[in-house]
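J.: sequence-free structure coming up:
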Ligand SMILES: Nc1ncnc2c1ncn2[C@@H]1O[C@H](COP(=O)(O)OP(=O)(O)O)[C@@H](O)[C@H]1O
Ligand SMILES: O=C(CO)[C@H](O)[C@H](O)COP(=O)(O)O
């Protein structure tokens with residue numbers, strides 16, 4: 001029933017595979033989440049910077065959470081299923097069985113995760129080619145993309161993996177294949193992580209130049225030669241086997257999928273903002289920046305014409321919102337960095353005990369502790385002499401420098417709970433300064449941004465949200481549904497079902513404003529000064545590196 005006038009009681013299932021867990025939601029045609037379930041997934045770090053997962057483990061978790069969210073409802077009311085996932089690399093043999101991506105030969109560990117940095121030498125060589133496809137990834141390919149990882153497999157696991165491989169999937173495409181048996185790839189994953197062009201397709205000269213000519217020779221059958229827009233209906237829908245696994249009816253529509261950050265973008269960016277006093281109310285949707293904040297943060301800005309932002313991925317045509325170009329800025333570790341700083345501190349056991357005693361998360365406890373110790377000044381002022389540079393896992397945007405490291409300046413000879421809380425605050429602020437740097441780079445290149453739309457696990461943290469508002473000077477919109485990434489996945493299922501005529505129409509109907517957090521403009525001067533220090537930190541880090549190199 002095109003036009004979104006479908007009968008009440010039409011439901012969609014969204015499945016979101018994040019770094020740490022798999023989530024599913026049952027969503028109605030207004031974008032309201034009626035049921036939610038999550039399940040942690042396994043991760044292996046066999047050596048520093050090698051991060052692996054298992055596609056079978058992930059599929060099993062998808063089945064558990066999907067069965068949970070449809071319990072007790074008439075499954076015949078479910079009209080569509082959509083998947084999103086991290087952009088990790090799944091390797092299968094010619095019979096679609098998992099292949100090991102590790103020296104140990106452990107075939108269940110058949111995924112090189114997005115945050116894996118094993119392919120440093122390969123990405124340097126790829127960047128040295130200066131091939132023109134690199135212009136569409138901000139000028140520098142990231143070690144987190146697929147080409148360097150594929151080259152690593154070819155150079156390091158030739159016999160045990162490369163020669164036997166029949167299929168290399170981005171994780172979102174693996175999931176849609178598993179559900180439908182259709183090996184078509186989503187335009188989103190191929191354009192954003194594999195150098196495919198929406199207009200020109202694969203570029204043979206790139207693959208030949210970087211030493212992966214094998215793909216050209218077999219007409220890209222291993223990495224995808226059938227490409228569909230996100231939300232397109234796949235084949236005959238859910239196969240009987242997958243239907244049994246997931247507890248859903250066979251034949252329901254399954255959508256071509258999205259990378260998780262892009263699903264978050266769909267889940268938030270199209271909301272009707274009338275009545276909230278936001279500048280973006282009278283402005284085009286291109287004035288909105290979706291920021292998806294989980295283990296990492298991804299900054300998704302769209303434009304009518306292509307915009308080339310140095311150090312920011314894209315422009316990618318139709319990779320998120322059809323008909324629009326996408327630029328994607330990012331910070332490789334944000335939630336993971338906050339967890340790392342907090343959990344590694346000497347006062348963490350004390351924090352954990354106190355938070356547990358109050359039945360609070362450690363973050364809720366830290367936020368109230370900061371309120372207690374702040375005295376008369378705003379909380380943010382507690383870090384006047386403590387500054388953090390947050391690139392503990394390199395800089396994704398806009399510096400595109402994987403060699404950068406984290407920095408902390410202003411440490412004292414005490415490690416009590418107050419110190420932990422203030423270090424946590426400085427880390428949250430550093431991540432927000434990183435967002436400001438990305439926003440400035442995007443604006444300098446031609447974007448005109450006025451409002452942030454935040455979602456993901458970190459958007460549950462009110463300190464993180466307020467710091468993003470205060471430090472960027474922009475209001476932050478939070479969605480009615482905290483799990484907006486799942487609304488984005490459900491939007492895909494809704495489009496595949498034919499209930500909406502377009503992704504834009506489904507976005508407008510299914511994403512909704514929950515709350516707006518405005519910046520405290522009176523604190524601007526303080527944050528401008530801290531931002532100056534922030535910029536100095538990286539400048540100094542580069543100077544230290546130059547000294548040590550003897551330049
Ligand atoms: N209730 C919460 N309060 C504050 N921070 C949270 C909360 N829940 C999750 N987080 C933060 O969000 C991060 C995970 O976000 P999530 O979106 O679940 O990640 P992913 O999609 O990468 O699996 C964690 O690293 C943690 O720092
Ligand atoms: O590269 C990305 C999107 O293009 C994401 O950072 C990656 O997929 C991980 O996402 P998350 O932090 O939600 O686990």
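T.: Cool, the structure landed. Since the model is a prediction, treat every value here as computed from it, not as a measurement. Ligands and ions are numbered 1, 2, ... in the order given.
J.: so who does the closest residue to residue 135 other than its chain neighbours touch?
T.: Of all residues not flanking residue 135 in the chain, residue 308 sits nearest, at 6.6 Å (C-beta to C-beta, 6 or more residues apart in numbering). In this view, the C-beta of every residue, glycine as well, is placed from N, C-alpha and C. For residue 308, the contacting residues are 135, 138, 139, 315, 445, by C-beta atoms under 8 Å, 6 or more residues apart in numbering.
J.: swap in residue 229?
T.: 186, 187, 256, 318, 322.
J.: out of the residues you listed, which is most surrounded?
T.: Within these, residue 186 tops the neighbour count with 30 neighbours, counted by other C-beta atoms under 10 Å.
J.: quick check, that one in contact with residue 224.
T.: No. If you go by C-beta atoms under 8 Å, residue 186 and residue 224 don't touch, sitting 9.0 Å apart.
J.: any residues in contact with both of those two?
T.: What both residue 186 and residue 224 touch, as defined by C-beta under 8 Å, 6+ apart, is the set residue 173.
J.: could you identify the helix or strand that succeeds the one helix or strand residue 175 maps to?
T.: Using DSSP states H and E, residue 175 sits within helix 171-180. Where DSSP H and E defines the elements, the next helix or strand beyond helix 171-180 is strand 185-186.
J.: partners of that following strand, with directions?
T.: Sheet pairing here is set by DSSP bridges, and for strand 185-186 it gives strand 227-228 (parallel).
J.: following the strand it pairs with, which helix or strand shows up next?
T.: Heading C-terminal from strand 227-228 (DSSP H and E), you reach helix 240-246.
J.: elements contacting the helix or strand just after that following helix?
T.: Once the chain leaves helix 240-246, the next helix or strand it forms, by DSSP H and E, is strand 253-254. With contacts defined as 3 or more C-beta pairs under 8 Å, 6 or more residues apart in numbering; DSSP states H and E, the packing partners of strand 253-254 are strand 78-85, helix 171-180, helix 484-497.
J.: closest residue of the stretch 101-250 of the chain to ligand 2?
T.: residue 114 (4.4 Å; C-beta to the nearest ligand atom).
J.: what helix or strand is the residue positioned nearest the centre of the chain on?
T.: The centroid of the chain falls nearest to residue 261 when counting by C-alpha atoms, centre = their mean (3.6 Å). Element membership for residue 261 (DSSP H and E) is helix 260-269.
J.: how is the chain carved up into domains?
T.: 11-254, 266-333+437-521, 335-428 (automatic domain parsing).
J.: give me whichever of those domains is most buried.
T.: domain 266-333+437-521 (a mean of 22; mean count of other C-beta atoms under 10 Å).
J.: pLDDT on it, on average?
T.: Mean pLDDT, computed over domain 266-333+437-521, is 97.
J.: is that domain positioned near ligand 1?
T.: Yes. Interface with ligand 1: domain 266-333+437-521 contributes 294, 295, 456, 457, 458, 460, 461 (C-beta under 6 Å from any ligand atom).
J.: start to end distance for that domain?
T.: 29 Å (C-alpha to C-alpha, to the nearest Å).
J.: do that domain and ligand 2 meet?
T.: Yes. Interface with ligand 2: domain 266-333+437-521 contributes 294, 295, 296, 298, 328, 330 (C-beta under 6 Å from any ligand atom).
J.: how far away from the center of its chain is the helix holding residue 261?
T.: 9 Å (C-alpha atoms, centre = their mean, to the nearest Å).
J.: distance check, whichever residue of the stretch 51-200 of the chain sits closest to ligand 2 against residue 296.
T.: Nearest residue of the stretch 51-200 of the chain to ligand 2: residue 86, at 3.5 Å (C-beta to the nearest ligand atom). Distance, residue 86 to residue 296, by C-beta to C-beta, to the nearest Å: 9 Å.
J.: what sits in contact with each of the two?
T.: Between them, residue 86 and residue 296 share the contacting residues 19, 114, judged by C-beta under 8 Å, 6+ apart.
J.: now the contacts of residue 308 as CSV including secondary structure and distance to residue 344?
T.: Shown next, in CSV, are the contacts of residue 308 (DSSP: H, G, I helix; E, B strand; the rest coil; distance: C-beta to C-beta, whole Å):
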residue, secondary structure, distance to residue 344
135, helix, 39
138, coil, 31
139, coil, 34
315, strand, 38
445, helix, 36
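J.: residue 336: which of the residues you listed is nearest?
T.: Using C-beta to C-beta, residue 138 comes nearest to residue 336 of the contacts of residue 308, at 21.9 Å.
J.: test my guess that the closest one contacts residue 401.
T.: No. At 11.6 Å, residue 138 does not count as touching residue 401 under the criterion of C-beta under 8 Å.
J.: so which of the residues of domain 266-333+437-521 next to ligand 2 belong to strands?
T.: If you go by DSSP state E, the residues of domain 266-333+437-521 next to ligand 2 have 298, 328, 330 in strands.
J.: mind checking the SS state of residue 38?
T.: When classified by DSSP: H, G, I helix; E, B strand; the rest coil, residue 38 comes out as strand.
J.: can you give me the end-to-end span of stretch 368-384?
T.: Using C-alpha to C-alpha, the two ends of stretch 368-384 sit 19 Å apart.
J.: residues contacting residue 426?
T.: Residue 426 touches 383, 386, 387, 388, 408, 410, counting by C-beta under 8 Å, 6+ apart.
J.: again, only this time at 7 Å
T.: 383, 386, 387, 388 (C-beta atoms under 7 Å, 6 or more residues apart in numbering).
J.: okay, the residues you listed in CSV with secondary structure, pLDDT and distance to ligand 1 next?
T.: What follows is the contacts of residue 426, written out as CSV (DSSP: H, G, I helix; E, B strand; the rest coil; pLDDT from 0 to 100; distance: C-beta to the nearest ligand atom, whole Å):
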residue, secondary structure, pLDDT, distance to ligand 1
383, helix, 98, 18
386, coil, 98, 20
387, strand, 98, 20
388, strand, 99, 15
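J.: tell me the one of those residues nearest ligand 2?
T.: So of those, ranked by how close each gets to ligand 2 (C-beta to the nearest ligand atom), first place is residue 388, at 19.2 Å.
J.: how much space separates the residue of the stretch 151-300 of the chain found nearest ligand 1 from residue 534?
T.: Nearest to ligand 1 in the stretch 151-300 of the chain, going by C-beta to the nearest ligand atom, is residue 294, at a distance of 2.8 Å. For residue 294, the distance to residue 534 under the criterion C-beta to C-beta works out to 23 Å.
J.: re earlier: what pairs with the residue lying closest to the residue nearest to the centre of the chain once chain neighbours are set aside across the strands?
T.: Nearest residue to residue 261, sequence neighbours excluded (C-beta to C-beta, 6+ apart): residue 298, at 3.5 Å. Note on residue 298: beta-bridge partners residue 292, residue 330, judged by DSSP bridges.
J.: flag every residue of this structure that's near ligand 2.
T.: So far as C-beta under 6 Å from any ligand atom goes, the chain lies against ligand 2 at 18-19, 86-87, 114, 192, 259-261, 294-296, 298, 328, 330.
J.: ok, those residues vs residue 352, which is closest?
T.: So of these, ranked by how close each gets to residue 352 (C-beta to C-beta), first place is residue 295, at 20.4 Å.
J.: what about the residue nearest to residue 135, which SS state?
T.: Classified using three-state DSSP, residue 308 is coil.
J.: roughly how far does it sit from residue 297?
T.: As judged by C-beta to C-beta, residue 308 and residue 297 stand 22 Å apart.
J.: likewise for residue 159?
T.: Distance from residue 159 to residue 297, by C-beta to C-beta: 39 Å.
J.: quick one: contacts for residue 315?
T.: Contacts of residue 315 (C-beta under 7 Å, 6+ apart): 136, 306, 307, 308, 325, 326, 327.
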